[in-house]
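**Student:** With the input below, show me the fold.
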Amino acid sequence: MIQEEERIIARGLHAPGPLLMVKKRLKEIEITGTLRVIVSSLEAAEELVDYFQSNSTDSELDRAGDDYHVIVNLDSYKEV
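**Tutor:** Residues are numbered from 1 along each chain as shown. Next comes the predicted model:
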C-alpha cells in the first residue's frame with residue numbers, strides 16, 4: 001500500500017505565513033494521510049508544530065540542509 005504525501009513548500013516566508021498557508025490548504029484537501037510542510041526558519045517550523053500539538057495531532061520536526069520539515073499525520077487532525 002502506497003500512502004500519498006501532501007506537500008506545502010513555504011520557504012522564505014516568515015511566521016505566520018506558513019501557518020496561514022497550511023490552514024488554507026487544509027480546508028481544500030481531504031484531511032487524511034501525511035502532510036509535509038517545508039519552511040526555511042526554525043520560528044515558522046516551531047509555530048506549525050505548536051499549532052498541530054494544540055489540535056492533538058502527531059507531528060515531527062526534521063532538518064534537511066537549510067530547510068525545516070514539519071511532518072504531520074493528518075489522520076488524527078481535528079481543527080479547533
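**Student:** so residue 8 bridges to which residues?
**Tutor:** Assessed by DSSP bridges, residue 8 has beta-bridge partners residue 37.
**Student:** got a list of what it touches?
**Tutor:** Going by C-beta atoms under 8 Å, 6 or more residues apart in numbering, residue 8 touches 18, 21, 22, 25, 35, 36, 37, 38. Glycine gets a C-beta too; all of them are placed from N, C-alpha and C.
**Student:** mind checking how far the first one is from residue 59?
**Tutor:** Read that as residue 18. Per C-beta to C-beta, to the nearest Å, residue 18 is found 13 Å from residue 59.
**Student:** Which one of those two is surrounded by more residues?
**Tutor:** Using other C-beta atoms under 10 Å as the criterion, residue 18 and residue 59 rank with residue 18 on top: 28 against 21.
**Student:** give me the number of residues near the closest residue to that one other than its chain neighbours?
**Tutor:** Taking C-beta to C-beta, 6 or more residues apart in numbering, and ignoring the residues beside it in sequence, residue 18 has residue 10 as its nearest neighbour in space, at 3.8 Å. A total of 24 residues lie near residue 10 under the criterion other C-beta under 10 Å.
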